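Visitor: this is a predicted model, with the sequence first.
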Amino acid sequence: MLAPLFRLQIPNDTSRKIIHVDMDAFYASIEMRDDPSLRSRALVIAHDPRQTGGKGVITTANYVARQYGVNSAMPAIEAVRKVPRRLLVFKDPDFEKYRAVSDQIHAIFHQVTDRIEPIALDEAYLDVTDNHRFPTTIALALWLQQTIERETRLTCAIGVSYNRFLAKMASEFNKPGGRTVVTPGMAQAFLAPQPIGKFRGVGKKTLPRLEALGIENGADLLAADPGMLQRELGKAGFMLALHARGIDNHPIEVKERKSIGKERTYNPPLQSAAAVRQELTMLAAKVSATLRQKQRHGTTVVLKVRDVDFNTQTRRTTRERYFVEADDILAAAWTLYNEETDTSASLRLVGITVTGLAPLSFENVDLPLH
C-alpha cells in the first residue's frame with residue numbers, strides 16, 4: 001500500500017532539460033503536403049465508412065475537419081454526420097509513407113541527442129541536458145522546428161521544460177506550430193489555470209471523479225489534500241499530487257537505435273546519374289562517420305529516393321558481413337540505384353540508411369572451412 005504523500009519527501013529534479021516534439025496533425029499534414037488540393041478540405045485519415053458499412057475509426061484529421069468536431073479515435077461515420085459533404089475527404093492511411101517521414105524526423109533528432117524516447121510516429125521526448133552545440137535549450141528547440149519544417153515541409157509544436165510531464169503539457173499548450181517553455185519558476189503559474197482534463201492520467205473515468213471532488217483545474221489539484229487524492233484514486237491520485245507540484249522525476253526511456261542514416265533534399269532536383277553518385281558518395285561518408293562515432297555497424301543498406309512528383313521509393317540489400325566502410329556503403333547504394341530504381345527520374349531527395357545494427361566489437365570474421 002502506498003504511504004501518504006505528506007509523509008514522503010519527494011525531491012523535484014529541476015536539473016534536466018527535456019523537449020517534447022509533437023508533429024501537427026501528422027498523417028493528415030503529410031497527405032496535404034503531397035497533395036496541396038486537400039488543404040482547403042476537411043481531410044480525415046480513415047477508410048471511408050460509406051464503403052465499409054459504417055465501420056472504421058479515424059486515425060487523425062486535419063484542422064479544417066477538427067473545426068467541425070472531428071478528432072482521432074472517433075468512429076469514422078461521425079465525420080460523415082458532422083462535416084458538409086462538399087468539404088469532406090477520406091484518405092486511407094499509408095503507414096509505410098508515415099514511417100518513412102518519421103524516420104526522417106528522428107534522423108534530425110539524432111543530430112542533437114541520442115537520448116530519445118519515441119512515443120509514436122509523430123511524437124518523442126528528447127533529453128538535451130548535455131547539449132553543447134547550442135547556446136541555450138530554446139535555441140536548440142527553434143533549430144529543431146526550423147530544420148523539421150525545412151526538410152519535411154511539416155510543422156510541429158515543441159514543449160521545453162525540466163521534466164516529461166511539463167514538456168508534454170507545454171507542447172499541447174500552443175498547437176499547431178507553437179513553442180512553449182516552462183522553467184522551474186514558472187511551473188505553478190503555468191499549471192494553475194490548466195483544465196484538469198489536460199493532466200496526464202486523467203481519462204474518461206477519472207475526470208468525473210475529480211470534478212465531483214471540486215477539482216476543475218491545476219490550482220484546485222494543488223489545493224487538494226494529497227492523502228485524500230491517494231485514498232480516492234490510488235496510485236493515479238499519488239501521481240496527480242506530484243504533477244500538481246511540477247514533479248515528475250521519471251527518466252527518459254532511451255530506445256536502442258535501430259538504424260543510422262543521412263538524407264538530403266534538393267532544390268533544384270538532381271537530374272543526372274553523376275549528380276546522384278556525387279551525393280551518394282557524400283551521404284555514405286557521413287553514415288560511415290556516424291557509425292564509427294556510435295561504435296556501430298550493420299548488415300543492411302537502405303536507399304531512399306523521392307522524385308519531383310513526391311513518389312518515394314526505398315530499396316534495401318542485406319549481406320552477412322557488416323557495413324561500416326564508406327566505400328562498401330556507397331557500392332551497395334549505387335547498385336540499388338542502378339538496378340532497383342528509375343534512373344531517369346529527377347530526384348528531390350536521396351538518403352542512405354544502415355540497419356541491422358550491432359556493436360563494432362562484433363567483428364567480421366572469415367572462418368576457415370578446412
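Guide: Sure thing, it's come through.

Visitor: can you classify Leu126 by secondary structure?
Guide: Assigned with DSSP: H, G, I helix; E, B strand; the rest coil, Leu126 falls in the strand class.

Visitor: from Thr290, how far off is the residue nearest to it when sequence neighbours are not counted?
Guide: In space, and not counting its chain neighbours, Leu126 is closest to Ile19: 4.4 Å by C-beta to C-beta, 6 or more residues apart in numbering. Any C-beta I mention is one placed from the backbone N, CA and C, and that applies to glycine too. Between Ile19 and Thr290 the distance is 21 Å, computed by C-beta to C-beta, to the nearest Å.

Visitor: give me the more crowded residue out of the two.
Guide: Using other C-beta atoms under 10 Å, the more surrounded residue of Ile19 and Thr290 is Ile19, with 28 against 17.

Visitor: just checking, Gly159 touches Ala167?
Guide: Yes. The pair Gly159 / Ala167 is scored as a contact, 4.4 Å apart, by C-beta atoms under 8 Å.

Visitor: per-residue pLDDT, Asp92?
Guide: Per-residue pLDDT puts Asp92 at 92.

Visitor: could you chop the protein up by domain?
Guide: Using automatic domain parsing, the domain ranges for the chain come out as 15-160+168-182, 186-244, 259-359.

Visitor: among those domains, which is nearest Pro251?
Guide: Closest to Pro251 of these is domain 15-160+168-182 (C-beta to C-beta; 7.9 Å).

Visitor: quick one: end-to-end distance for the closest one.
Guide: 13 Å (C-alpha to C-alpha, to the nearest Å).

Visitor: swap in stretch 185-195?
Guide: End-to-end distance (C-alpha to C-alpha), stretch 185-195: 20 Å.

Visitor: phi first, then psi, for the closest residue in space to Thr312 that isn't next to it in sequence.
Guide: In space, and not counting its chain neighbours, Thr312 is closest to Arg306: 4.5 Å by C-beta to C-beta, 6+ apart. Main-chain torsions, Arg306, degrees, to the nearest 10: phi -130, psi 130.

Visitor: and if you look at the one 10 residues further on?
Guide: Dihedral pair for Arg316: phi -140, psi 160, per degrees, to the nearest 10.

Visitor: what's the burial count for the residue nearest to Lys286 when sequence neighbours are not counted?
Guide: Excluding its sequence neighbours, the residue lying closest to Lys286 (C-beta to C-beta, 6+ apart) is Lys262, at 4.5 Å. A count of nearby residues for Lys262, using other C-beta under 10 Å, gives 21.

Visitor: could you do Lys97 as well?
Guide: The burial count for Lys97: 15, using other C-beta under 10 Å.

Visitor: helix/strand/coil for Lys175?
Guide: coil.

Visitor: just checking, it touches Asp22?
Guide: Yes. Applying C-beta under 8 Å as the test, Lys175 and Asp22 come out as touching, 7.0 Å apart.

Visitor: pLDDT weak spots in the stretch 1-150 of the chain?
Guide: 1-9 (pLDDT under 70).

Visitor: all strands for the chain, in order.
Guide: 18-23, 42-45, 60-61, 88-91, 116-120, 123-127, 156-161, 179-181, 259-270, 296-307, 312-323, 347-359 (DSSP state E).

Visitor: mind listing residues that contact the second one?
Guide: The contact list for strand 42-45 (C-beta atoms under 8 Å, 6 or more residues apart in numbering) reads 27-28, 31-32, 58-62, 64-65, 67-68, 70, 76, 79, 83-84, 87-93.

Visitor: in this structure, which residue is closest to the centre?
Guide: By C-alpha atoms, centre = their mean, the chain has its centre lying nearest to Glu123, at 3.0 Å.

Visitor: isn't the residue nearest to Lys286 up against Ala289?
Guide: No. In this structure, Lys262 is not within contact of Ala289 by C-beta under 8 Å, at 9.4 Å.

Visitor: for the protein, which helix is longest?
Guide: Ordering each helix of the chain by length in residues (DSSP state H) puts helix 273-293 first.

Visitor: so what's the residue count around Pro268?
Guide: Counted with other C-beta under 10 Å, Pro268 comes out at 8.

Visitor: pretty sure the residue nearest to Thr312 contacts Thr341?
Guide: No. Arg306 lies out of contact with Thr341 (C-beta under 8 Å); the separation is 10.8 Å.

Visitor: between these two, which one's more packed in?
Guide: Arg306 (21 against 18).

Visitor: that older thread, gap between the residue nearest to the centre of the chain and Ile45?
Guide: From Glu123 to Ile45 the distance is 16 Å (C-beta to C-beta).

Visitor: ok, back up a step: indicate which one of the strands of the chain is closest to Lys97.
Guide: strand 312-323 (6.6 Å).

Visitor: picking that back up, need the domains of the chain in TSV with distance to Glu253, can you?
Guide: Shown next, in TSV, are those (distance: least, C-beta to C-beta, whole Å):
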stretch	distance to Glu253
domain 15-160+168-182	5
domain 186-244	15
domain 259-359	19
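
Visitor: residue contacts, Lys82?
Guide: So Lys82 contacts Tyr68, Gly69, Val70 (C-beta under 8 Å, 6+ apart).

Visitor: can you tell me how far the residue nearest to it when sequence neighbours are not counted sits from Leu210?
Guide: Of all residues not flanking Lys82 in the chain, Tyr68 sits nearest, at 4.6 Å (C-beta to C-beta, 6+ apart). Here Tyr68 is placed at a distance of 29 Å from Leu210 (C-beta to C-beta).

Visitor: looking at these two, which one has more neighbours?
Guide: Leu210 (23 against 17).
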